[in-house]
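**Q** quick one, what's the 3D model for this:
(one chain, ligands or ions: 1)
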Amino acid sequence: MSFQIDILTAREYRKGLQADCANCFGLCCTALHIVASSDFAIDKPAGVPCPNLESDFRCQIHSELRGKGYKGCTVFDCFGAGQQVSQTTFNGQDWRESKQVAEKMFSVFPVMVQLYEMLAYVTEALSYQVPQDLHKELTLQLKELESLTNLDAGSLLDLDIMELRMPVNELLSKTSSHIRSSITNSIPGNRVLDYRGADWIGKNAKGKDLRAADFRGAYLIAADLKDTDLRAVDFIGADLRDANLEGANLSTSMFLTQMQINSAKGNKQTKLPSYLVQPYHWAS
Ligand code: SF4
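**A** Numbering: from 1, shown residues only. Have a look, this model is predicted:
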């Protein structure tokens, strides 16, 4: 296999995996079933456009989403799956032109979001200094995922996403262990912080040194992580809703997504990995 991806290219690749709403047919505002909650003001059935969606697929309340009860819309991120489905899978065909296209496109969108989420994790893993064998396995996995994202609609709907996730999870876990153990070895006492799936809801961990901790699948809802050192922490699948990240250092945290960051609280002093941006609502 001649294809190889270097660390800088992988970083740029990961950075590019973000929504381009101008090239999407409003799929997240139409395809998904959303139940009314404090995150979304109304019940919206799958396949029905949100009443706030304009004919050019812009949101008519974009600047006031939080104030109007649509906080969840400022959190969601498709990793770029929306434009892939709109422009590649369906070749730029507007779902409003055909009921059949609409139904298929809305079913394909959630599948593509999951493929793109895996792509994001794998490209991030490739941006780390890992042993050559692992790098090779990650590269092969990346190629496989890329080819899946280019399948036609019918083949995408036939995919078993759970099965596809297994080898990906294994590679991400190996990457995480490698990176975290190299950091742990440099910390006096070599302490290991294993908080996988932990319940840290509302916990006060303000100012703590949590470098290289494993928070896979942990519940950090409303946890106080103000001024906390979270470098090299694995956050895959962690629930960070309303966690206080003001002044926290997440500059080298692993497997964080824009959605996790959008759902948390932070400020200008919060340091994020280079592929993520500070949500505009942090400023207010
Ligand atoms: S409120 Fe706006 S962003 Fe949210 S689903 Fe509706 S149109 Fe989309």
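
**Q** could you check the pLDDT of the closest residue to V168 other than its chain neighbours?
**A** Across the structure, with C-beta to C-beta, 6 or more residues apart in numbering as the measure, the residue nearest V168 apart from its sequence neighbours is M118 (5.0 Å). Every C-beta, even on glycine, is put in place using the N, C-alpha and C of the backbone. Note for M118: predicted pLDDT of 98.

**Q** so who does I61 touch?
**A** The contact partners of I61, by C-beta atoms under 8 Å, 6 or more residues apart in numbering, come to N52, K68, Y70.

**Q** which residues touch the last one?
**A** In other words, Y70. With contacts taken as C-beta under 8 Å, 6+ apart, Y70 has the following neighbours: D39, F40, A41, N52, I61.

**Q** residues of the stretch 1-150 of the chain that sit close to the ligand?
**A** C29, C50, N52, L53, C59, I61, Y70, C73 (C-beta under 6 Å from any ligand atom).

**Q** can you put these in JSON lines and add secondary structure and pLDDT?
**A** Formatted as JSON lines, the entries for those read as follows, by DSSP: H, G, I helix; E, B strand; the rest coil; pLDDT from 0 to 100:
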{"residue": "C29", "secondary structure": "coil", "pLDDT": "97"}
{"residue": "C50", "secondary structure": "coil", "pLDDT": "97"}
{"residue": "N52", "secondary structure": "coil", "pLDDT": "97"}
{"residue": "L53", "secondary structure": "strand", "pLDDT": "97"}
{"residue": "C59", "secondary structure": "strand", "pLDDT": "97"}
{"residue": "I61", "secondary structure": "coil", "pLDDT": "97"}
{"residue": "Y70", "secondary structure": "coil", "pLDDT": "97"}
{"residue": "C73", "secondary structure": "helix", "pLDDT": "96"}
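
**Q** and for N91, the neighbour number?
**A** 7 (other C-beta atoms under 10 Å).

**Q** with Y280 instead?
**A** Y280 has 11 nearby residues by other C-beta under 10 Å.

**Q** can you check the pLDDT for it?
**A** If you check Y280, the pLDDT there is 91.

**Q** same deal with F3?
**A** The model reports F3 with a pLDDT of 63.

**Q** next SSE after the lengthiest helix in the chain?
**A** For the chain, the longest helix by residue count, based on DSSP state H, is helix 99-126. Using DSSP states H and E, the next helix or strand after helix 99-126 towards the C-terminus is helix 132-149.
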